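Colleague: What follows is a predicted structure for the sequence shown.
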Amino acid sequence: MTCFGLFAKYGVQHIITHAIVPTQWEEVTPGYREKLIQWITGILSDPATISEYKRRGWRESFIGANTIPEFEKLQKTLSQEFPQKDYLLTIYYTATPSYNTPWTNLTPSLKTDWETQDDLIYTQYKEAIPPIKLYIGYGKPVMSSAVCPPLLAAFDGMHSYWLQKPGFLTDERSVLSVLYDYAHTRKTWISDKSERTEQVLNYRDEMLQDNILGIGKRLGPFWYPDNNQGKNHDQ
């Protein structure tokens, strides 16, 4: 909740996060799936949780119960507690039992009379969920349908960031760094590029580096970005 609060503080109004991913749902440890359902349902529908969300002017929503019937009661509870209207922040929890689920669910919606991504989203989720334009992940820079439902990823581009420090993003400075980079630093597109190419010469040293975003190194069983890959290349 601290993580959500930091983003809400700086004007973010919608957050989409996963409650269930295939690696969890497909685990065969006896009793694990039942405990997982109980744990998620218990936390999201806990009266104290609901009360705190309402106090903050936030809303909880659960999408994907049609693929995991065990969560239908939870989805109904949250729909009753948080009717669709304007909130300071809406948090959508997704459930994805397999990597194919988002695509198979999308097929009926694609057959409808739609013109925009917003049309498709409303048809699929019966709610006007804004497309995801800013994505924050953890670890290796890998994207999958489990953590980001394909239909919800903005068709015109989704800017992505990957944390390397374990845990939730609860540091205000880091949140501001991400938001500033997304809102300002990455806004490089211009309609007239007449003089753009020649400006590369002003940044010759940086442009000649061999760094490749996504190259990493092993730290035991973990992957970590290799910040010295250019230096290693020169040796």
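Modeller: Sure, I can see it.

Colleague: And Tyr182, how far from Lys133?
Modeller: 8 Å (C-beta to C-beta, to the nearest Å). Just so you know, the C-beta spots here come from the backbone N, C-alpha and C atoms, and that holds for glycine as well.

Colleague: overlap in contacts of these two?
Modeller: Shared contacts of Tyr182 and Lys133 (C-beta atoms under 8 Å, 6 or more residues apart in numbering): His159.

Colleague: In terms of packing, which of the two has more residues around it?
Modeller: Tyr182 (17 against 12; other C-beta atoms under 10 Å).

Colleague: got the contact list for that one?
Modeller: Contacts of Tyr182 (C-beta under 8 Å, 6+ apart): Leu134, His159, Tyr161.

Colleague: Just those: which are in helices?
Modeller: Assignment to helices by DSSP state H places none of those there.

Colleague: Can you pick out the ones from those that are in strands?
Modeller: The strands, defined by DSSP state E, take in Leu134, His159, Tyr161 from these.

Colleague: Turn those into a markdown table, including neighbour count.
Modeller: Shown next, in a markdown table, are the ones in strands among the contacts of Tyr182 (neighbours: other C-beta atoms under 10 Å):
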| residue | neighbour count |
| --- | --- |
| Leu134 | 17 |
| His159 | 15 |
| Tyr161 | 16 |
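
Colleague: and Arg59, how many residues sit next to it?
Modeller: The burial count for Arg59: 21, using other C-beta under 10 Å.

Colleague: how far away is it from Ile190?
Modeller: Counting by C-beta to C-beta, the gap from Arg59 to Ile190 is 38 Å.

Colleague: Kindly state the beta-bridge partners for the residue nearest in space to the middle of the chain.
Modeller: Per C-alpha atoms, centre = their mean, the C-alpha nearest to the average position across the chain is that of Tyr135, at 4.6 Å. Beta-bridge partners of Tyr135, counted by DSSP bridges, are Ser160.

Colleague: Which residues does the helix or strand Thr90 falls within contact?
Modeller: Assessed by DSSP states H and E, Thr90 sits inside strand 89-95. The contact list for strand 89-95 (C-beta under 8 Å, 6+ apart) reads 4, 7-8, 12-20, 40, 44, 56-65, 67-68, 71, 129, 149.

Colleague: Good, wrapping up.
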